[in-house]
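> Take this sequence and fold it.
(chains A and B)
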Amino acid sequence: MTAPGGIGPAVKPAVKPFPNPVRTDFDRIRTEGRVYVNIGPSHPATHGTVQIIAELDGERVVRTDVHPGYLHRGFEKECESHTWHNLIPYVDRLNYVSALINDFAYCEAVEKLMGVEITPRCRYLRTLLSEYSRIIDHITCIAAGVMEIGAMTAFLYLMTIRDYMYEHLANLTGARVTYSYGRIGGLAADLPEGWLARLEELLVQQEEFVGRVHGLMDRNRIFIDRMRDVGVISTADAINWGFTGPILRSTGAARDLRKDTPYLAYADLDFDVPVGIKGDNYDRYYVRMREIDESVYMIRQCVDALPGGPINVDDRRCVLPPKSLVYTEIESLINHFKLIMDGPEVPVGDVYSAHEASNGELGFYLVSTGKGIPHKVHVRSPSFVHIGGVHLMLDGGQLADIIPTFGSVNMIGGECDR
Amino acid sequence: MADSVFDLVQAQLAPSIGQASVAHGVLVLELPAAELAGVVGRLKAEFRFDMFLDVTAVDWPGQDPRFEVVYHFYSTQHHVRVRLKTRVAEADPTVDTLVPLYGSARYMERECHEMYGIVFRGNADLRPALLYEGFVGHPLRKDYPKLQEQPLVEYRK
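As a prediction, the model looks like this:
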């Protein structure tokens, strides 16, 4: 477009400034001499898309106001207009680093409402895959966390092994990150040929890589100076502010849903709950590293004890009939059609079911009115609760400490913002 | 273990709670909104329900009172959960805040407030958490259309 009577583009009309999407808590009280800075929402050093507004006294952080929500996509609203089965790809995208744990936690909640008891093989496979996902999640968290304070080698070691694991899971599920592998009443498919053999190879390789990271980080002076006594939280505060998972355990409280309220096959497995001593960044790093070891131990127990038999329950209310029947008899064809079009009919009621996800308690609160579509799906996501209390760890520290502390909290935008 | 805690809670709280039942391993108490803060205080002090897990609401359009506010608590000592439900009317969707009892309530009440319009009396910080300043309406209410858009920045023509 050319300006009338001249050459070149027309002068653009003045753009109205965009309204600020957040109102900081500091607008009410401001102190003379303090500096107020925005960190994020899109900053290369923040661990996810989140905005931290900090009040600074020199380099010291006086107060912080943390704003999530930049990844909010109306997950819970969207869930109210799809069938129970169709939600599985959505729940995958909550914690997209360990998507399988979300799948299984959601499926178990629906199964509780329906009164479905999954088969022994499915129970063990879900346990095995949950622990496998936990390894991947912890590896990702540690890799990103140490990378943010400059440890590039450790990052590359961990990312290498993570990618082998992603490829291995792609061999099972067909996708690298968001698997949609859980099904109400079972799993999408059984293990392919040779999957367990490759799993053992990878576990051995993983132990070697994680061992190298131990060697690089554990007694590294720079690492200890950045992590020890930084971002400290006490057990009482952690419980009061709803912290669960590795953060709560780093304070010394051996609280783990896998032990406390055993689900899946955890009651049959032997494992320890690693805890920290101080609740600082170093403890959170070390708790995660130790949990990786425990997960490997659990996976090996699952492989040894893996029962045979079907992976899906024989219940036509939720599990699709085999294709051979769908194509040959009318009842199965209609059954398949109704399950896809109307969704599985879940009895009236509500349920809260929680799994120990890699970040803490991942709970699903489902309300059914007896239809194929949920009345309400609510997610109690660990990251959201942690973001509500993360200022306890940031306030009083150094500006530069925000990065490793926030990294050790491992906020996952997908499950925090929903 | 769980059953004995549940029995104890039911026996001790019986006068102040309406209905109590155990559903899927969780003790469910239904009580009037006015009783809420008192019952939660006793749950925390006497029965060690020290972790505030979650608060959300369920919208039942056409029913009166329309909203059901649902709380979940966990005891890190007994390893059991309890669910509290209270009904509030659309005209005055107000319940007492639990911030004095649990730090984590502050943030989760913010979310419930923006999504359902439930007012938590006494919570000084009910700014939007996941939505933005100036968002009109409460998106998880059933009468909020799923496809409604409120862009902060106008779409490019």
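
> Now the single nearest residue of the stretch 251-400 of chain A relative to chain B: which helix or strand?
Proximity of the stretch 251-400 of chain A to chain B (Cβ to the nearest Cβ) peaks at A:Gly388, 2.8 Å away. All C-beta atoms are positioned from the backbone trio N, CA, C, and that covers glycine. A:Gly388 belongs to helix A:382-389 when assigned by DSSP states H and E.

> Name the residues that touch that helix?
Residues from elsewhere that reach helix A:382-389 (Cβ atoms under 8 Å, 6 or more residues apart in numbering or on different chains): A:50, A:66, A:68, A:95, A:237-238, A:241-245, A:247, A:357, A:359-362, A:409-413, A:415-418, B:103-104, B:106-108, B:111.

> Would you quantify the distance from A:Ala45 to A:Leu202?
Computed with Cβ to Cβ, to the nearest Å, the distance linking A:Ala45 and A:Leu202 is 31 Å.

> higher neighbour count, those two?
More crowded of A:Ala45 and A:Leu202, by other Cβ atoms under 10 Å in any protein chain shown: A:Leu202, with 18 against 14.

> Report how many residues lie close to residue 115.
Picked chain A for this. The number of residues packed near A:Gly115 is 11, by other Cβ under 10 Å.

> think we crossed wires, I meant chain B
Neighbours of B:Met115 (other Cβ under 10 Å): 25.

> dump the residue contacts of A:Asn312.
With the criterion set at Cβ under 8 Å, 6+ apart, A:Asn312 makes contact with A:119, A:122, A:183, A:185-187, A:319.

> try 6 Å this time
A:Asn312 makes contacts with A:185-186, A:319, as judged by Cβ atoms under 6 Å, 6 or more residues apart in numbering or on different chains.

> one step back: tell me the first helix or strand C-terminal of the helix holding A:Gly388.
helix A:391-394.

> Summarise which helices and strands that following helix is packed against.
strand A:60-67, helix A:402-409 (3 or more Cβ pairs under 6 Å, 6 or more residues apart in numbering or on different chains; DSSP states H and E).

> can you list the residues that contact that helix?
Contacts of helix A:391-394 (Cβ under 6 Å, 6+ apart): A:61, A:64, A:231, A:233, A:237, A:402, A:405.

> swap in stretch A:360-372?
A:83, A:105-106, A:109, A:113, A:244-245, A:342-343, A:345-346, A:348-355, A:374-378, A:380, A:382, B:58.

> Check stretch A:73-86 too.
So stretch A:73-86 is contacted by A:87, A:110, A:343-344, A:346, A:372-374, A:377, A:418, B:139-140, B:146 (Cβ under 6 Å, 6+ apart).

> rewinding a little: and the contacts of A:Asn312, which is closest to B:Ala23?
Top of the list for closeness to B:Ala23, among these and by Cβ to Cβ, is A:Gly185 at 20.7 Å.

> so that closest one touches A:Met114, yeah?
No - if you go by Cβ atoms under 6 Å, A:Gly185 and A:Met114 don't touch, sitting 7.9 Å apart.

> the more surrounded of the two?
A:Gly185 (25 against 22).

> show me the residues around that one that make contact.
A:116, A:312-313, A:315, A:318-319.

> can you pick the most crowded of those residues?
Going by other Cβ under 10 Å, A:Cys318 tops those with 23 neighbours.

> can you confirm that residue is in a strand?
No - read with DSSP: H, G, I helix; E, B strand; the rest coil, A:Cys318 is coil and lies in no strand.

> Mean neighbour count added to the helices and strands packed on helix A:391-394, as CSV?
Output for the helices and strands packed on helix A:391-394, formatted as CSV (neighbours: other Cβ atoms under 10 Å in any protein chain shown):
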stretch, mean neighbour count
strand A:60-67, 20
helix A:402-409, 25
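
> Please identify which of those is closest to chain B.
Evaluated over these, closeness to chain B peaks at strand A:60-67, with 7.7 Å, by Cβ to the nearest Cβ.

> Show residues contacting stretch A:408-418.
A:48-49, A:68-69, A:71-72, A:75, A:93-96, A:141, A:145, A:281, A:284, A:359, A:381, A:383-384, A:386-387, A:390, B:130.

> CA-only coordinates of that stretch in CSV, if you can.
Provided in CSV are the C-alpha atoms of stretch A:408-418 (Å, rounded to 0.1, in the frame of the first residue of the first chain):
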residue,chain,number,x,y,z
SER,A,408,15.0,-28.2,40.4
VAL,A,409,11.3,-27.6,40.9
ASN,A,410,10.8,-28.9,37.4
MET,A,411,7.7,-27.0,36.5
ILE,A,412,6.0,-28.5,33.5
GLY,A,413,3.9,-26.0,31.7
GLY,A,414,1.6,-28.6,30.2
GLU,A,415,0.3,-29.9,33.5
CYS,A,416,0.7,-26.6,35.4
ASP,A,417,-1.4,-24.5,33.0
ARG,A,418,-3.7,-27.1,31.6
